[in-house]
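>>> fold the following.
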Amino acid sequence: MKLSVLAALCAYMAMPGVVVAEKSAVDHPTYSPIAKLNEDSFFEPFDDEDWEKKWVVSHAKRDGEFAYVGKWNVEESSVNPGFAGDKGLVLKSEAAHHAISLQLPEPFDNKGKTLVLQYEVKLQKGLTCGGAYVKLLSAEGLEGDFSNETPYQVMFGPDRCGATNKVHLILKRKNPITGEYEEKHLVSAPMSRVVKTTSLYTLIITPEQEFEIRINGDVVIAGSLFEESLFAPSFNPPKEIADANDLKPADWVDEELIPDPTAVKPADWDEEAPFYIDDVDAVKPDDWDEDAEDYIPDPEASIPEDWDEEEDGEWLAPEIPNPACQDHGCGPWSPPQIKNPAYKGKFVAPLIPNPEYQGEWAPRLVANPDYYEDATPADLEPIGGIGFELWTMSEDILFDNILLGHDVAEAEYIGNATFTPKVEIEQEAASKEAPKAAFEPETPPSYKEDAISFVSAYKEVIVEYATEKVGQLINVFWTFVHEADLYFTDFMDSPLNTFLTRFPELCYFVGYFLAGLTFVMMIFGFIVASLVGDAVPGLIETPKTEDVDKNKDVKEQVTEANGAEANETVATKRSVKST
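Purely as a prediction, here's the structure:
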């Protein structure tokens, strides 16, 4: 039975018109781990077989209601793979809450130092609604199962649902007055990259109290943590606030303009004058019938047979437009209305600056009792772990190469060593996986081949039609010649008289002559074009397949050269970025 199925499959593949898309193999180099990093950096490439000993899957309940039931695994990419043997942490469940965390070997402290957080995200099934962000967990409060209530210092990464698509950046800072932690949200967050190849997200926070977000090595937003318009709420509250007990005085004048009290209505100002008046120059048309009605009873209408005047009342014929009024007006005539040139409307005094204007009132400012100064918002509290606490409708989200350190150059080095070559392989794999056409395109025939094919298919019809039309053309031609001969004979006998009395005939003969000459020139041009096309095939015929293949090979060589230069440029570009 298996042999029969195999034979049938082979026979189907051998059928004419059936094309099996052959996908060219993509070279997947073996993954090579990063050799050495700074001693104070943490790097997670997920190349350790006992990853479950470090990364703890949480089964706590979110907000005491929903359990984190989402599954996790460390595996290679299944969509547009990159390096062979390169694994990542994969979120496996759709429409579920997920939580997994890792405790750092020792707390990470960035006071007075640059903080660099970088990781890769690969949305293998896209991202319709959900998050792919990472949290830097506070060193204090890691006890118990990881959940949304676990304290964190930074939340960073893509989040998308519906029309919302952004890269989160949330920093948590403790209010020294209330003792409560506040989430400082980046307001103008950049859009995340929703593709099925790897994207690289980098966050940099410097001791100069500045931040920077990069996507795939390119800076998408940067600024100061002190800039009030970038974060909500701002890291430092205002020193002064409006006094809630301050009330606007009853005699406060805030009208900037007032009617001019000295303005007087002009004597000729008629407020009662109408906007429209009758056109005094209009004259009733002579054919206007004022005695005729616009509508008359329908003379063809008849009383219905079942009409009972005792019950239904007197029957009246329906009215129709008076046919006698179709060409002229009927009924009482009145002149048309025109705009009244004397109309001015109600008189309003012009506005002048108010001499008593005091300006727009605002409550006085008082010292903000809740004011405090956070001089170093970049100095986060010690970080004790890294966690992913997510809900998403899309599964198979892969995270890889998580870096937490202090060196921007180190992050650029890792990006150039892992992300840059990996994404090139993935993009090549994606192009190979793109749907192929069922049939290869055929080289279009030349116009001469089209003409030959058309003539061959409709040869008999063309011959019959041409014979009929040629016969008619010959008859017209000989009639034209005979009439022209008679006109020419009369013209020779009496030129002036013939020209003056029979000028339309002269135009007729000249027009026919020019039309015939034009037709002959068109035929001649077609013949010449055919001869030139045979002599210079490069101008008419399509290029040969061999030439196309040769040009394609040259183009691919140029593309490869340009691609190498571009990759070198990207690496150089990233290598010079610093803060």
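
>>> would you mark the buried spots in the lengthiest helix in the chain?
With secondary structure taken from DSSP state H, the chain has its longest helix at helix 459-493. Buried residues in helix 459-493, counting neighbours by 16 or more other Cβ atoms under 10 Å, are found at 487, 491. All C-beta spots, glycine's among them, are computed from the backbone N, C-alpha and C.

>>> so what's the gap between it and the chain middle?
Averaged C-alpha coordinates place helix 459-493 at 64 Å from its chain's average position (Cα atoms, centre = their mean, to the nearest Å).

>>> over to stretch 408-420?
How far stretch 408-420 lies from its chain's middle: 31 Å, per Cα atoms, centre = their mean.

>>> avg pLDDT for that stretch?
For stretch 408-420, mean pLDDT is 96.

>>> that one: which residues count as buried?
Across stretch 408-420, burial judged by 16+ other Cβ under 10 Å covers 408, 410-420.

>>> out of the residues you listed, who's nearest Asp48?
Thr418 (16.1 Å; Cβ to Cβ).

>>> isn't that closest one up against Ser32?
No. In this structure, Thr418 is not within contact of Ser32 by Cβ atoms under 8 Å, at 9.2 Å.

>>> on that earlier part again, among the buried residues of stretch 408-420, which are in helices?
If you go by DSSP H, the buried residues of stretch 408-420 have 408, 410-414, 420 in helices.

>>> how far does stretch 296-311 stretch from start to finish?
When the termini of stretch 296-311 are compared using Cα to Cα, to the nearest Å, they are 25 Å apart.

>>> and it, which residues are buried?
Within stretch 296-311, the residues scored as buried using 16+ other Cβ under 10 Å are Ile296.

>>> how about stretch 158-178?
The neighbour-count check on stretch 158-178 (16+ other Cβ under 10 Å) flags 158-160, 165, 167-173 as buried.

>>> circling back to that earlier point, what packs against the longest helix of the chain?
helix 495-501, helix 503-535 (3 or more Cβ pairs under 8 Å, 6 or more residues apart in numbering; DSSP states H and E).

>>> if you set the cut-off to 7 Å instead, what comes out?
Counting contacts by 3 or more Cβ pairs under 7 Å, 6 or more residues apart in numbering; DSSP states H and E, helix 459-493 is packed against helix 503-535.

>>> quick check: mean pLDDT across the helix it packs on?
Throughout helix 503-535, pLDDT has a mean value of 77.

>>> got it, and stretch 86-105?
Averaged over stretch 86-105, pLDDT sits at 95.

>>> how far does that stretch stretch from start to finish?
Taking Cα to Cα, stretch 86-105 runs 24 Å from one end to the other.

>>> ok, stretch 102-115 next?
This stretch, stretch 102-115, spans 18 Å end to end (Cα to Cα).

>>> hang on, the earlier thing: nearest to Lys122, out of the buried residues of stretch 158-178: which one, please.
Set against Lys122, the nearest of the buried residues of stretch 158-178 by Cβ to Cβ is Pro158 (11.3 Å).

>>> how about that closest one, what does it touch?
Shown in contact with Pro158 (Cβ atoms under 7 Å, 6 or more residues apart in numbering): 121, 132-133, 167, 192.

>>> out of the residues you listed, which are inside strands?
Within these, residues falling in strands by DSSP state E are 121, 167.

>>> compare the contacts of Pro158 and tell me which has the most neighbours.
The residue in the contacts of Pro158 with the most neighbours, by other Cβ atoms under 10 Å, is Ala132 (27 neighbours).

>>> contacting residues around that one?
121, 123, 157-158, 390, 397.

>>> including pLDDT and secondary structure, could these go into JSON lines?
Converted to JSON lines, the contacts of Ala132 look like this (pLDDT from 0 to 100; DSSP: H, G, I helix; E, B strand; the rest coil):
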{"residue": "Val121", "pLDDT": "98", "secondary structure": "strand"}
{"residue": "Leu123", "pLDDT": "96", "secondary structure": "strand"}
{"residue": "Gly157", "pLDDT": "97", "secondary structure": "strand"}
{"residue": "Pro158", "pLDDT": "97", "secondary structure": "strand"}
{"residue": "Leu390", "pLDDT": "95", "secondary structure": "strand"}
{"residue": "Ile397", "pLDDT": "97", "secondary structure": "strand"}
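
>>> and the helices in the chain, which stretches?
Using DSSP H, helices in the chain cover 2-14, 309-312, 408-414, 420-433, 447-457, 459-493, 495-501, 503-535, 537-540, 545-575.

>>> centre of the chain to the fifth one, how far?
Going back to what we said before, that points to helix 447-457. 45 Å.

>>> that helix vs helix 503-535, what angle?
Following axes from the mean of the first three to the mean of the last three Cα atoms, to 10 degrees, one obtains 110 degrees for the angle between helix 447-457 and helix 503-535.

>>> give the rounded mean pLDDT of helix 447-457.
Across helix 447-457, pLDDT averages out at 72.

>>> now that helix: buried residues?
Residues of helix 447-457 classed as buried by neighbour count (16+ other Cβ under 10 Å): none.

>>> helix 459-493 and that one, what's the angle between them?
Orientation of helix 447-457 against helix 459-493 (the same axes, to 10 degrees) gives an angle of 100 degrees.

>>> CA atoms of helix 447-457 as CSV?
C-alpha atoms of helix 447-457 as CSV (Å, rounded to 0.1, in the frame of the first residue of the first chain):
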residue,chain,number,x,y,z
TYR,A,447,5.0,41.7,-32.4
LYS,A,448,6.0,39.9,-35.6
GLU,A,449,5.3,36.5,-34.0
ASP,A,450,2.0,37.8,-32.7
ALA,A,451,1.0,38.9,-36.2
ILE,A,452,2.0,35.6,-37.7
SER,A,453,0.1,33.7,-35.1
PHE,A,454,-3.0,35.9,-35.6
VAL,A,455,-2.9,35.5,-39.4
SER,A,456,-2.5,31.8,-39.1
ALA,A,457,-5.5,31.5,-36.9
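
>>> residue numbering should commence at 14 henceforth.
Renumbered: residue one is now 14, and that last one reads helix 460-470.

>>> which helices and strands sit right next to that helix?
Of the remaining helices and strands, none touches helix 460-470 by 3+ Cβ pairs under 7 Å, 6+ apart.

>>> my guess is Glu195 meets Asn188, correct?
Yes. Assessed by Cβ atoms under 7 Å, Glu195 is found in contact with Asn188 at 5.8 Å.

>>> what about the strands in the stretch 164-313 of the chain?
Remark: strands assigned in the stretch 164-313 of the chain by DSSP state E, counting those that start in this stretch are 165-174, 177-187, 194-199, 211-218, 223-228, 231-237, 244-245, 253-255, 270-272, 289-291, 308-310.
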